[in-house]
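Colleague: Kindly return the folded structure for what I paste below:
(one chain, ligands or ions: 1)
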Amino acid sequence: MQYYQHILLAADYSEHAATVAAKAQALANLYQAKLSIIHVLDNIPMPDTGYGTVIPLEAGSDNVLLETEKARFILYCDRLGIDPASRWLVWGVPKQEIIRLANQHSVDLIVAGSHGRHGLALLLGSTANSLLHHALCDVIAVRLLQDVT
Ligand code: AMP
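Modeller: All right, here's what the predicted structure looks like:
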């Protein structure tokens, strides 16, 4: 039985992102599902760009920060072997854009970390919390614990 057909990896490049990515890849293999990836840009100024804009990866621009982000995203996706047609670099608020793109592309499972760049102090990060409350599909929040040494 094919439980999941389209899995979306929410990637934030945080310290634990590789753990989250590995789980998304393993699930995609297990269910023979399509694997897509989203990274939401919320940390660079984009004056002429509306929230929710999917940034075209193939077209160049004179925004140096954006070009740096694009190169980083493309390299990250290449390393994970994700199909170029399934890569979404989006400008906006992470929790909103992840859910919006998931709905738009009939994603049936979102894989995110329980925490990201916003620290491990809370039980759940704010993006993870919002995805679990508001996404219309299943969500896996990969439990990320602080290393105990
Ligand atoms: P947070 O709740 O913000 O600490 O992050 C929890 C998880 O949400 C991360 O491990 C990522 O999987 C996802 N996430 C957070 N920020 C982003 C972002 N800008 N783009 C894509 N995914 C994100």
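Colleague: ok, which residues in this structure are in contact with the ligand?
Modeller: With Cβ under 6 Å from any ligand atom as the criterion, the chain comes near the ligand at residues 10-12, 14, 20, 38-40, 42, 94, 98, 112-113, 115-116, 118, 125-128. Every C-beta, even on glycine, is put in place using the N, C-alpha and C of the backbone.
Colleague: repeat that for 5 Å
Modeller: Residues of the chain lying near the ligand by Cβ under 5 Å from any ligand atom: 10, 12, 39-40, 94, 112-113, 115-116, 118, 125-128.
Colleague: Count the neighbours of residue 8 for me.
Modeller: If you count neighbours by other Cβ atoms under 10 Å, residue 8 ends up with 27.
Colleague: Then the one 3 residues further on?
Modeller: Residue crowding around residue 11 was assessed by other Cβ under 10 Å; the count is 26.
Colleague: Equivalent analysis for residue 94, please.
Modeller: If we define neighbours as other Cβ under 10 Å, then residue 94 has 24 of them.
Colleague: Residue 86 now?
Modeller: Counted with other Cβ under 10 Å, residue 86 comes out at 17.
Colleague: Identify the residue nearest it in space, chain neighbours excluded?
Modeller: residue 36 (3.8 Å; Cβ to Cβ, 6 or more residues apart in numbering).
Colleague: Hmm, residue 107 and the one you found touching each other?
Modeller: Yes: the pair residue 36 / residue 107 is scored as a contact, 6.9 Å apart, by Cβ atoms under 8 Å.
Colleague: any common contacting residues for those two?
Modeller: Shared contacts of residue 36 and residue 107, defined by Cβ atoms under 8 Å, 6 or more residues apart in numbering, are found at 6-8.
Colleague: count of neighbours near the residue nearest to residue 5 when sequence neighbours are not counted?
Modeller: Spatial nearest neighbour of residue 5, chain neighbours left out: residue 33 (5.3 Å); criterion: Cβ to Cβ, 6+ apart. Neighbour count of residue 33, defined by other Cβ under 10 Å: 19.
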